[in-house]
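Colleague: okay, predicted coordinates and the sequence, questions at the end:
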Amino acid sequence: MKFEHPVSIQWLADFTGAEAVGNLEQQATGINEIHKVTPGDISFVDAEKYYNKCLHSAATIIIINKMVECPEGKTLLVIADPFTAYIKIVKHFRSFEPCTAMISDTAVVGNGTCIQPGVFIGNHVSIGENCIIHANVTINDHIIIGNNVIIHSGTVLGSDAFYFKRRKERDVQYEKMDSCGRVIVEDDVEIGACCAIDRGVSGDTIIGRGTKLDNQIHIGHGVVLGKNCLIAAQVAIAGKTILEDEVILWGQVGVNKDLTVGKGAVVYAQSGVASSIEGGKVYFGSPVGEAKAKMREMGWIRRIPEMWEKLSAK
Amino acid sequence: MKFEHPVSIQWLADFTGAEAVGNLEQQATGINEIHKVTPGDISFVDAEKYYNKCLHSAATIIIINKMVECPEGKTLLVIADPFTAYIKIVKHFRSFEPCTAMISDTAVVGNGTCIQPGVFIGNHVSIGENCIIHANVTINDHIIIGNNVIIHSGTVLGSDAFYFKRRKERDVQYEKMDSCGRVIVEDDVEIGACCAIDRGVSGDTIIGRGTKLDNQIHIGHGVVLGKNCLIAAQVAIAGKTILEDEVILWGQVGVNKDLTVGKGAVVYAQSGVASSIEGGKVYFGSPVGEAKAKMREMGWIRRIPEMWEKLSAK
Amino acid sequence: MKFEHPVSIQWLADFTGAEAVGNLEQQATGINEIHKVTPGDISFVDAEKYYNKCLHSAATIIIINKMVECPEGKTLLVIADPFTAYIKIVKHFRSFEPCTAMISDTAVVGNGTCIQPGVFIGNHVSIGENCIIHANVTINDHIIIGNNVIIHSGTVLGSDAFYFKRRKERDVQYEKMDSCGRVIVEDDVEIGACCAIDRGVSGDTIIGRGTKLDNQIHIGHGVVLGKNCLIAAQVAIAGKTILEDEVILWGQVGVNKDLTVGKGAVVYAQSGVASSIEGGKVYFGSPVGEAKAKMREMGWIRRIPEMWEKLSAK
């Protein structure tokens, strides 16, 4: 997320109670998780094993739980609990804004677009031209929808990321990471009924141009679907995974978080994609392998009794 | 879909820009995909391998991309892109009709039926007697619901078929097949929460009398569920598949498109039905086999280490 | 379910047409399925194999289809069809109450709680303080929600149990068991988008304190989720199953009915939990085994060709 106006180091230190070291003159222009940071961003780190990655990322201001050497030109905000400081900043700059009307008067809707009854459109939403938003769809705050998009009934855009920090010492162990990211639906996308598409934690969830989603699909926070993908019913794609263009996932496929599915990959129904897979190939199984190898494997399993017989005969 | 009034060959040729040959005097009474056609229907074919099937189907008028010999009594509409011509006709006779009210004034609702708040009922919908339609259900246009039907909240009836023609040469590769079919829910059906039931592409999706659906079930376009079926939560049934009467599918089962599940078949949880299966039997696995054989197969897998040991000892 | 006022044996016998034997002076204070009964409750039994269990349960009044010896201090209501008598009583004391407003005026909502547009809140609902109920959520009758709860759009609380008695001799074979139970959502719970959480048949479905649910999760009737559980997207948990505290289920897991998942158990994605599993362990597969053993099993399967070669060489 980018801020509307730059924010001074002094204000950040005062607001969070952190000690600022390094370059105290620069200004923060946004806040992001480590894998989404760009120059000007605030990010946070609270585990030593990620110190190096975070300190040498594009982040300009780093909230950290230990005094370390500050990289040239950057700023450290040192505080015991960086996660809490990070969330406090997110909540300040993008707090939840309740709506009283079904369609917020901050929403912008293009010509030729039909909004059916029962549709909720939250704050700071933009919808392009010639779309059909079917009855009882929910479009939460900060969603951007292109032209010629069709969204079927019951679908939800912009639910929060399912992202928590576990604090085993507390009664309530899971602390919520507040989501400040968006959902961007590009032109010519169609989304089926009862889909749930989470917003990014700090970046964007993106449905690429011309991609078609069937019913009851789950798209986790920060997922990026390429162009001209075809996703069948009841597929679930976990957070931050990337599908390149022209990927085809058949029904009930599950895709793990933080991985890449290569261009034009085809995954058969009910398969589970546990790690990144190359494009241009056909996959099957849970966890997936190449479909031909999996089919052979299934043939071998059927031959076990024959092996046993042969073995016993020897 | 049947037209309200018969349509002349001349009008169809002018409207689509096709060249008409064969019987030019008859009239079209409807339009359908090839597997749903009845006499009087228009259908289309654009792949040579399906020419024969289409030309000798019950269709009376065939939109085709090549001049071929016209079967006795039929009419050909010859045009370079039959798919586009077919869609143009569908859009003309059943275009999307926006609604401004939560309940269209064309909807008919029977005595003793309770419509809870937040329910959307589109155009040309008929609901029988003594039904309960729970809050926030969506019933789109051209849906027929019988008597004593219960539909739980969040469920969507009549979302569009997930059916596209791929045009690899275009920027936006998937061209939408517009759906003009209906959903028919027979008497004494109960449908759980957050289900998504697509309309047929040109024919009807049917939920047979006394069939009970649990939550979050996906029913694809043109699926026919028999009478007294029991479908557990999160099952997905792909387009045009037929379940005969008294089929039981346990949770999270997936059923492929275009197949038949025989009367009284039982499919255990998480199984995947990849091709047609006989009635009266119990199935398990992905892809399914008969449950007993699958159980034995799993037993054999557990004996592999023993085999290996025996083999190494020889 | 407990009644608002005690009910006499005489009234029950007259209302259902049953013959009362045993203690005719006591009063019924509630009605429950056999596994939920407490003293004062009515329960029913219609299969001889369950007679013993029901007659010696905590139930005070038993509707039964055969004259048997009445246990000391209890009451039998003898009638040909106990199921029908049981449902008749349930319907009388907790009949469906239609709503005309999106928010029933019997609903109680705490301070600091935000109810977004399009939310339905039925009769006799209580929602605590500082909650966010997102747009187009459905909260049916008799639901209790604690403090600091977040519920995302499209989610349904309190759909009916998927529970039917099969009557093969009838045209409509499945007779509905009317649900009179509730859903209780404890403090600090978050529930994702498009989830469906059924009410208990006669007892309560409970989501324990601090438990977090992702999108599109199905929770069956009477399920009890412990505290601080983490349930990923598209999980389905069937009726009356108990998850102890701190259980983690990854995406698309299915859990069978009537079983217990021990404290701190972790189940990997797409697994199927067919019977009860111990806490503190990691599971995988459908049906699940311990993850390490399952991984070894998958390794053995890949070695079958090697075994075959070795076997052929001998």
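Modeller: Received it, and whenever you're ready, just let me know what you need. Numbers count the residues shown, from 1 in each chain, chains lettered A, B, ... in the order given.

Colleague: show me where chain A has its helices.
Modeller: Along chain A, the segments classed as helices by DSSP state H run A:9-16, A:48-55, A:82-93, A:291-302, A:304-313.

Colleague: just the C-alpha atoms of the first one, please, in CSV.
Modeller: Only the C-alpha atoms of helix A:9-16 are listed here, as CSV (Å, rounded to 0.1, in the frame of the first residue of the first chain):
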residue,chain,number,x,y,z
ILE,A,9,10.5,9.3,10.3
GLN,A,10,9.9,11.4,13.4
TRP,A,11,6.1,10.9,13.1
LEU,A,12,6.6,7.1,12.7
ALA,A,13,8.9,6.9,15.7
ASP,A,14,6.5,8.9,17.9
PHE,A,15,3.4,7.0,16.7
THR,A,16,4.9,3.5,17.3
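
Colleague: contacting residues around it?
Modeller: A:18-20, A:23-28, A:42, A:61, A:63, A:75, A:77, A:79, A:85, A:88-89, A:92 (C-beta atoms under 8 Å, 6 or more residues apart in numbering or on different chains). Where C-beta positions appear, they are placed from N, C-alpha and C, glycine not excepted.

Colleague: again, only using 6 Å
Modeller: Applying C-beta atoms under 6 Å, 6 or more residues apart in numbering or on different chains, the contact partners of helix A:9-16 are A:20, A:24, A:75, A:85.

Colleague: neighbours of the closest residue to A:Ser126 other than its chain neighbours, how many?
Modeller: Nearest residue to A:Ser126 in three dimensions, chain neighbours excluded: A:Val108, at 4.7 Å (C-beta to C-beta, 6 or more residues apart in numbering or on different chains). Per other C-beta atoms under 10 Å in any protein chain shown, the neighbour tally for A:Val108 reads 12.

Colleague: and A:Val108, how far is that from A:Ile115?
Modeller: 12 Å (C-beta to C-beta, to the nearest Å).

Colleague: name the nearest residue to A:Ala135, sequence neighbours excluded.
Modeller: Spatial nearest neighbour of A:Ala135, excluding adjacent residues (C-beta to C-beta, 6+ apart): B:Phe120 at 3.7 Å.

Colleague: residues in contact with stretch A:132-139?
Modeller: A:114-121, A:125, A:150-157, B:120, B:138, C:135-136, C:153.

Colleague: chain center to it: distance?
Modeller: How far stretch A:132-139 lies from its chain's middle: 21 Å, per C-alpha atoms, centre = their mean, to the nearest Å.

Colleague: I'd like the average pLDDT over it.
Modeller: Throughout stretch A:132-139, pLDDT has a mean value of 98.

Colleague: near chain C, which residues of chain A?
Modeller: A:98-99, A:102, A:120, A:138, A:154, A:156, A:159, A:162, A:172-174, A:194, A:196, A:218, A:236, A:254, A:272, A:286, A:300 (C-beta under 6 Å from any C-beta of the partner chain).

Colleague: state the distance from the nearest residue to A:Ser286 once chain neighbours are set aside to A:Leu77.
Modeller: Nearest non-adjacent residue to A:Ser286, counting by C-beta to C-beta, 6+ apart: A:Gly272, 3.5 Å away. For A:Gly272, the distance to A:Leu77 equals 40 Å [C-beta to C-beta].

Colleague: please say which of the two ends up with more neighbours.
Modeller: Neighbours around A:Gly272 and A:Leu77, counted as other C-beta under 10 Å, are more numerous at A:Leu77. The numbers are 26 against 23.

Colleague: correct me, but the more buried one touches A:Asn65?
Modeller: No - counting by C-beta atoms under 6 Å, A:Leu77 sits too far from A:Asn65 to count as a contact (10.3 Å).

Colleague: which residue is nearest the centroid of chain A?
Modeller: By C-alpha atoms, centre = their mean, chain A has its centre lying nearest to A:Gly222, at 1.7 Å.

Colleague: re the thing from before, list just the nearest of the contacts of helix A:9-16 to chain C.
Modeller: Of all those, chain C sits closest to A:Ala85, with 20.9 Å by C-beta to the nearest C-beta.

Colleague: let me see the confidence value for the residue nearest to A:Gln27 when sequence neighbours are not counted.
Modeller: Excluding the flanking residues, the one nearest A:Gln27 by C-beta to C-beta, 6+ apart is A:Pro6, at 3.7 Å. Per-residue pLDDT puts A:Pro6 at 96.

Colleague: indicate each strand paired with the longest strand seen in chain A and its parallel or antiparallel sense.
Modeller: In chain A, with assignment by DSSP state E, the single longest strand is strand A:2-8. Here strand A:2-8 is paired, per DSSP bridges, with strand A:27-31 (antiparallel).

Colleague: gap between the strand it pairs with and the chain center?
Modeller: 21 Å.

Colleague: run through who's touching it.
Modeller: A:1-3, A:6-8, A:40-42, A:61, A:89.

Colleague: go with 10 Å
Modeller: A:1-12, A:36-44, A:59-61, A:63, A:75, A:77, A:86, A:89-90, A:92-94, A:180, A:202 (C-beta atoms under 10 Å, 6 or more residues apart in numbering or on different chains).

Colleague: of those residues, buried ones?
Modeller: A:1, A:3, A:7, A:9, A:12, A:36-37, A:40-44, A:59-61, A:63, A:75, A:77, A:86, A:89-90, A:93-94, A:180, A:202 (16 or more other C-beta atoms under 10 Å in any protein chain shown).

Colleague: pull the number of nearby residues for A:Ala291.
Modeller: 17.

Colleague: got the contact list for it?
Modeller: Contacts of A:Ala291 by C-beta under 10 Å, 6+ apart are A:266-268, A:271, A:281-285.

Colleague: can you list the low-confidence ranges for the stretch 151-300 of chain A?
Modeller: By pLDDT under 70, the stretch 151-300 of chain A has no low-scoring segment.

Colleague: stretch A:233-240 near chain B at all?
Modeller: Yes - Stretch A:233-240 reaches chain B (C-beta under 10 Å from any C-beta of the partner chain) through A:233-235.

Colleague: got the residues you listed as TSV, with distance to C:Ile145 and neighbour count columns?
Modeller: Output for those, formatted as TSV (distance: C-beta to C-beta, whole Å; neighbours: other C-beta atoms under 10 Å in any protein chain shown):
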residue	distance to C:Ile145	neighbour count
A:Ala233	30	29
A:Gln234	28	30
A:Val235	30	26
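
Colleague: between those, which is nearest B:Cys70?
Modeller: Nearest to B:Cys70 among the residues of stretch A:233-240 next to chain B is A:Ala233, at 39.7 Å by C-beta to C-beta.

Colleague: related to what we said a few turns ago, so for A:Val108 and A:Ile115, which residues contact both of them?
Modeller: In contact with both A:Val108 and A:Ile115: A:121, A:127, using C-beta under 10 Å, 6+ apart.
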